[in-house]
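J.: quick check, what structure comes out for this input:
(4 chains)
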Protein chains: 2
Amino acid sequence: MSVRVGHRAGKDVSGRDFTAVGRALAAPVRSTVLNLLIDGSSRPAGELARAAGVRPSTASEHLAALVDAGFVVAEPRGRQRFFRLADARVADALETLGELCPPAPVVSLRQSREQARLARARLCYDHLAGRLGVAVTDAMVGRGWLGDGLVVTSAGRTGLVDRGVDVDAAGSGRRPLTRACPDWTERREHLAGALGAAVAGRFLAAGWVARRGSTRGLAVTEAGLVALADEWGVPADLLDVPC
Amino acid sequence: MSVRVGHRAGKDVSGRDFTAVGRALAAPVRSTVLNLLIDGSSRPAGELARAAGVRPSTASEHLAALVDAGFVVAEPRGRQRFFRLADARVADALETLGELCPPAPVVSLRQSREQARLARARLCYDHLAGRLGVAVTDAMVGRGWLGDGLVVTSAGRTGLVDRGVDVDAAGSGRRPLTRACPDWTERREHLAGALGAAVAGRFLAAGWVARRGSTRGLAVTEAGLVALADEWGVPADLLDVPC
DNA sequence: GAAACGCTTCGGCGGCGGCCGAAACGTCGT
DNA sequence: ACGACGTTTCGGCCGCCGCCGAAGCGTTTC
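T.: Numbers count the residues shown, from 1 in each chain, chains lettered A, B, ... in the order given. As a prediction, the model looks like this:
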């Protein structure tokens, strides 16, 4: 018989227990679900089950596990339940973690028009992404608003407040003010974090961009093109050039 | 019979495959190991096995898995292998992920005190390590006893012999007289090799340090503090500053 | 009401993965 | 050359977890 002496001596000295979060990510179905929800969308269990290629019963168990782990939250809506990421920090963590697992599965070529639209402008969870996100970030860096590591300079703070972005409110929470979010359509990183969300919120509130349907895709309005050029220093043609 | 219709419909639309990274985090032993290494330290497999409370064979498997997942890298050093985090991004990801799992395992005060003691003074195989080892090595270098590559100078030979270290006996064997041993708690290297063992032996024989129990931890005695300051040029407070 | 629909819970089955001890391998010290 | 030591590899055992179909529950529709 084995000795099993181990568990007496072994015990975490400090730090975090990554076991639960690891288990939550360990199953292919759950990974697929998270990828589907990482854009901030909210989807019913059945759709997630179909997308992941499992029976509703199996998906239900996986979704329960994700809820239990704090990754997603469920919201009853009629006779179905919609699931979405629980928190912006979850999206942040998944993006950061994505850096460690470069193997990105292939993408279906079918919806190429939709792909192209998404590549132009979209929301990545709650901040601007696509060429729009990169262009806005680049402009902010070019003007000296963002320094090394995307830290906000004093000039950046002034410029952003002038354009209606509440930098103080964004920096008040526990969420990191700025983060570099790597993009899968662009080579470049773009602004994420609390400030990224605040900028995106300003763009939506001002009517510079509009959500297209229930997707995460964004349409840049006429007023948005003007504002981008005049206030943000982003020429309109930048959004059309595929870089 | 089951239908297995699933895998036709199921396919990742885009994004990352979190499965591998999740599996790597899913085991308690691996979580413990990562917590031990998250400070950038480099530790041999046996120590990690003991800390995690498993047999060396089991730890070896877990470490191989972590290496395979790209979380840690192994570095052969003598007859043991040292492991450390592979990359700064790994530490970043773990830190970000830690936000998601606030349940921080209990900190055993007992063990954290032991950690502090080990960081202060211990034996690394058979030579002095911890802050004591680094401080003694630094003092010897500062006095010109050890030159480039930690070779013993004539002044060093004299000084060591005067303090009861039998340099000749240490140099008589086939074992290298001096070696630089990288430390995991300190940034600096410290003296190892035959001379390192001889110095440690002198410290023990003179009662300047004493083994605490059967561990490799060392306690610096009152006489040791005096001798360190007077004979070796190591002020006592150097051992208490956490560098 | 009754039927349709969406989701969850419950057994049951199969496979993966963690744990150990024994043995092999390489290095270090005598 | 030999023994000691740290690490890895290899079977074998056991438990956990993911998958399914069937059944149960709540909501919507007729």
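J.: give me the pLDDT value at whichever residue of chain A sits closest to DNA strand C.
T.: Closest to DNA strand C within chain A is residue A:46: 2.4 Å, counting by C-beta to the nearest atom of the strand. All C-beta spots, glycine's among them, are computed from the backbone N, C-alpha and C. Per-residue pLDDT puts residue A:46 at 91.
J.: buried set for the helix or strand hosting it?
T.: Assigned by DSSP states H and E, residue A:46 falls within helix A:45-52. Neighbour-count burial for helix A:45-52 flags A:45, A:48, A:49, A:50, A:51, A:52 (criterion: 16 or more other C-beta atoms under 10 Å in any protein chain shown).
J.: what does stretch A:230-243 rub up against?
T.: The contact list for stretch A:230-243 (C-beta atoms under 8 Å, 6 or more residues apart in numbering or on different chains) reads A:119-121, A:131-132, A:134-136, A:139-140, A:142-143, A:163, A:186-188, A:220, A:225, A:228-229.
J.: so residue A:48 touches residue A:36, yeah?
T.: Yes: in this structure, residue A:48 is within contact of residue A:36 by C-beta atoms under 8 Å, at 6.3 Å.
J.: all the helices of chain A, residue numbers only.
T.: A:6-9, A:19-26, A:28-37, A:45-52, A:56-68, A:88-98, A:112-120, A:130-142, A:154-162, A:167-172, A:193-205, A:222-230 (DSSP state H).
J.: so the fourth one versus helix A:56-68, what angle?
T.: Counting by axes from the mean of the first three to the mean of the last three C-alpha atoms, to 10 degrees, helix A:45-52 lies at 100 degrees to helix A:56-68.
J.: and stretch A:66-77, how far out from the chain's middle?
T.: Its chain's average C-alpha position is 17 Å from that of stretch A:66-77, according to C-alpha atoms, centre = their mean, to the nearest Å.
J.: and it with chain B, contact?
T.: Yes: applying C-beta under 8 Å from any C-beta of the partner chain, one finds stretch A:66-77 touching chain B at A:70, A:71.
J.: for that stretch, measure first residue to last.
T.: End-to-end span of stretch A:66-77 (C-alpha to C-alpha, to the nearest Å): 19 Å.
J.: what mean pLDDT does that stretch have?
T.: Averaging the model's pLDDT scores along stretch A:66-77 yields 91.
J.: same thing with stretch A:22-30?
T.: Rounded mean pLDDT across stretch A:22-30 is 94.
J.: who in chain A is up against DNA strand D?
T.: A:23, A:26-29, A:54-55, A:57-58, A:61-62, A:65, A:78-79 (C-beta under 7 Å from any atom of the strand).
J.: 6 Å instead, please
T.: Within chain A, the positions near DNA strand D by C-beta under 6 Å from any atom of the strand are A:27, A:28, A:29, A:54, A:55, A:57, A:58, A:62, A:78, A:79.
J.: around the fourth one, how many other residues sit close by?
T.: Here the neighbour count serves as a burial measure; for residue A:54 (other C-beta atoms under 10 Å in any protein chain shown) it reads 23.
J.: that one contacts residue A:29, correct?
T.: Yes: using C-beta under 8 Å, residue A:54 is in contact with residue A:29, at 5.6 Å.
J.: find residues that contact each of the two.
T.: With C-beta under 8 Å, 6+ apart, residue A:54 and residue A:29 have common neighbours residue A:62.
J.: what's the closest non-adjacent residue to residue A:44?
T.: Take residue A:44 and drop its neighbours on the chain: the residue closest to it by C-beta to C-beta, 6 or more residues apart in numbering or on different chains is residue A:80, 4.3 Å away.
J.: without its sequence neighbours, what residue ends up closest to residue A:142?
T.: Among residues not flanking residue A:142 along the chain, residue A:233 sits closest, at 7.1 Å (C-beta to C-beta, 6+ apart).
J.: just to revisit the earlier point, out of the contacts of stretch A:230-243, which end up buried?
T.: Using 16+ other C-beta under 10 Å, the buried ones in these are A:119-121, A:131-132, A:134-136, A:139-140, A:186, A:220, A:228.
J.: which among those residues gets closest to chain B?
T.: Chain B lies nearest to residue A:119 out of the buried ones among the contacts of stretch A:230-243, by C-beta to the nearest C-beta, at 11.4 Å.
J.: so what pLDDT did the closest one get?
T.: Looking at residue A:119, its pLDDT stands at 69.
J.: low-scoring stretches of chain A, by residue?
T.: Counting by pLDDT under 70, chain A contains low-confidence ranges at A:1-14, A:101-119, A:125, A:173-175, A:181-188, A:212-216, A:241-243.
J.: buried set for stretch A:162-171?
T.: Within stretch A:162-171, the residues that count as buried by 16+ other C-beta under 10 Å are A:165, A:167, A:170, A:171.
J.: check contacts around residue A:23.
T.: Taking C-beta under 8 Å, 6+ apart as the criterion, residue A:23 is in contact with A:65, A:69, B:22, B:26.
J.: now do 10 Å
T.: By C-beta atoms under 10 Å, 6 or more residues apart in numbering or on different chains, the residues touching residue A:23 are A:30, A:65, A:68, A:69, B:22, B:23, B:25, B:26, B:27.
J.: which of the buried residues of stretch A:162-171 sit farthest apart?
T.: Maximum pairwise distance in the buried residues of stretch A:162-171, criterion C-beta to C-beta, is 11.1 Å, between A:165 and A:171.
J.: okay, and the common contacts of those two?
T.: Common neighbours of residue A:165 and residue A:171, using C-beta under 10 Å, 6+ apart, are A:157, A:195, A:198.
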